[in-house]
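[1] Following is a predicted model, sequence given first.
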Amino acid sequence: MVSRPRIVFCYRYGLLGGVSAQLLNRYPYLSREFDVRIVYERDHGMVSRFPAGVASEARTPEAMETALRDARADITVVMDSPRFIDAWRAVGAPGKLVLEVHTTTANLVYLKHRDQFDGLSHIVTVSSYMERLLGEYGLSGLAPITIVPNCLDDRWRVPSSPVPLDGKPVVWVGKLDGHKRWRTAVDLVDQLSEAPDVTLLPIFVGGLTSPERELHAITTRLAGSKGLAHAVWWPKVEYDLMPSLYTSVGFNGGVHLSTTVNESFGMAVAESVIRGCPVVAPAVGALPELLPEAALYEPGDWKSAREKAHRAMVDPSFREELLSSADHLRTLTDPERAADIYREVVAQVLKTA
């Protein structure tokens, strides 16, 4: 019997959402043909979400080396986690090395250290925007680049019953940091609450792992504004409940407002639109690949952001226009499609000498 190729995915944080959600979404499809293993530097509940023996934690360089040595991988995929590249090299660079790039933040600095990529066989990223960005970093000459779009599992395609709400919700989702610009979002929602033709229900989601100073700042800000008196702030919403949340926001005539600095893909945006919740977002990163032009505002043009968000709540034809990319996003984020592309990457990598 011919053994299946073993692929080991290595990532820093085992926290549901982002890259870890992609690993979870891909696993049922990739595991049909490959022996898939996952190693996290820090696990925050992800290891137990996979079948026993699939995922593990390696907190130290020594533990990473042991995990990679024992895995005997045909392909090691390192996802924005350069320490694992060091570990792979320390145990003799077994099999093939694939780099998978998702981040657009300051973490991209590691890409400037070209010497660490000796022996790199392939690069995977998530959008045309990211492919161009990697070219700007000079990586397109190091190895072939393939776009594997982020995918959504079946829970996002199963209808759910919306919850009637008292008001039109404006939902904002993200970490309480400068990259997501939560302070700007709160200011915009506060200003939107002044519109006489809309009864607003502000909903802010995120911040569970934020520094205490940020938690204090958002609670103080929400408590100190009349327009935000009825705001809801959930530091965490279980991932399984997010489809229902977006469905309910859309059903009640609400909108998802994004104030992000940049996005390599834009999962929250795709999730919202697929669930019938229109999005207003800045024209940054990969977001123009996901949203119609009507949904986008120029970065920093907060007047336009506010006007579009308000119009999304009062103009049915505009709402319909904002949701016009839904079918495209359903196809783009199909996990079987992502797995098919990844299979092609594996075939290419294993063919190389």
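    Good, I have the coordinates. Numbering: from 1, shown residues only.
[2] how's the chain carved up into domains?
    6-151+334-351, 155-332 (automatic domain parsing).
[3] Tabulate those (a markdown table), appending mean pLDDT and mean neighbour count.
    Backbone N, C-alpha and C define where each C-beta goes, glycine included. Formatted as a markdown table, the domains of the chain follow (pLDDT from 0 to 100; neighbours: other CB atoms under 10 Å):
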| stretch | mean pLDDT | mean neighbour count |
| --- | --- | --- |
| domain 6-151+334-351 | 94 | 18 |
| domain 155-332 | 96 | 18 |
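[4] and the closest residue to Gly227 other than its chain neighbours, what does it touch?
    Distances taken as CB to CB, 6 or more residues apart in numbering place Ser193 nearest to Gly227, at 3.3 Å, with adjacent residues excluded. Neighbouring residues of Ser193 by CB atoms under 8 Å, 6 or more residues apart in numbering: Leu200, Pro202, Gly227, Leu228.
[5] Out of those, flag the one nearest to Tyr342.
    Pro202 (39.1 Å; CB to CB).
[6] other SSEs contacting the host helix or strand of the closest one?
    Assigned by DSSP states H and E, Pro202 belongs to strand 200-205. Contact analysis of strand 200-205 by 3 or more CB pairs under 8 Å, 6 or more residues apart in numbering; DSSP states H and E lists strand 168-173, helix 182-192, strand 232-234, helix 242-251 as its packing neighbours.
[7] To His328, which of the ones you listed lies closest?
    helix 242-251 (17.2 Å).
[8] Touching that closest one from outside, list them.
    In contact with helix 242-251 (CB under 8 Å, 6+ apart) are residues 155-156, 158-160, 162-165, 169, 171, 203, 205, 237, 255-256, 271-272, 275-278.
[9] How are the helices of the stretch 51-200 of the chain distributed by residue range?
    Along the stretch 51-200 of the chain, the stretches classed as helices by DSSP state H, counting those that start in this stretch are 61-71, 82-90, 128-136, 182-192.
[10] gap between stretch 9-21 and the chain center?
    With CA atoms, centre = their mean, to the nearest Å as the basis, stretch 9-21 stands 10 Å off its chain's centre.
[11] Just the C-alpha atoms of the longest helix belonging to the chain, please, in PDB.
    Looking across the chain with DSSP state H, the single longest helix is helix 335-351. Output of helix 335-351 as PDB, limited to C-alpha atoms (Å, rounded to 0.1, in the frame of the first residue of the first chain):
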ATOM      1  CA  PRO A 335     -13.600  24.800   0.700                       C
ATOM      2  CA  GLU A 336     -13.600  22.100  -2.000                       C
ATOM      3  CA  ARG A 337     -12.200  24.700  -4.400                       C
ATOM      4  CA  ALA A 338      -9.500  25.700  -2.000                       C
ATOM      5  CA  ALA A 339      -8.600  22.000  -1.500                       C
ATOM      6  CA  ASP A 340      -8.400  21.400  -5.200                       C
ATOM      7  CA  ILE A 341      -5.900  24.300  -5.600                       C
ATOM      8  CA  TYR A 342      -3.900  23.100  -2.700                       C
ATOM      9  CA  ARG A 343      -3.700  19.600  -4.200                       C
ATOM     10  CA  GLU A 344      -2.200  21.100  -7.300                       C
ATOM     11  CA  VAL A 345       0.400  22.900  -5.100                       C
ATOM     12  CA  VAL A 346       1.300  19.600  -3.400                       C
ATOM     13  CA  ALA A 347       1.700  17.900  -6.800                       C
ATOM     14  CA  GLN A 348       4.000  20.600  -8.100                       C
ATOM     15  CA  VAL A 349       6.100  20.600  -4.900                       C
ATOM     16  CA  LEU A 350       6.500  16.800  -4.800                       C
ATOM     17  CA  LYS A 351       7.500  16.800  -8.500                       C
END
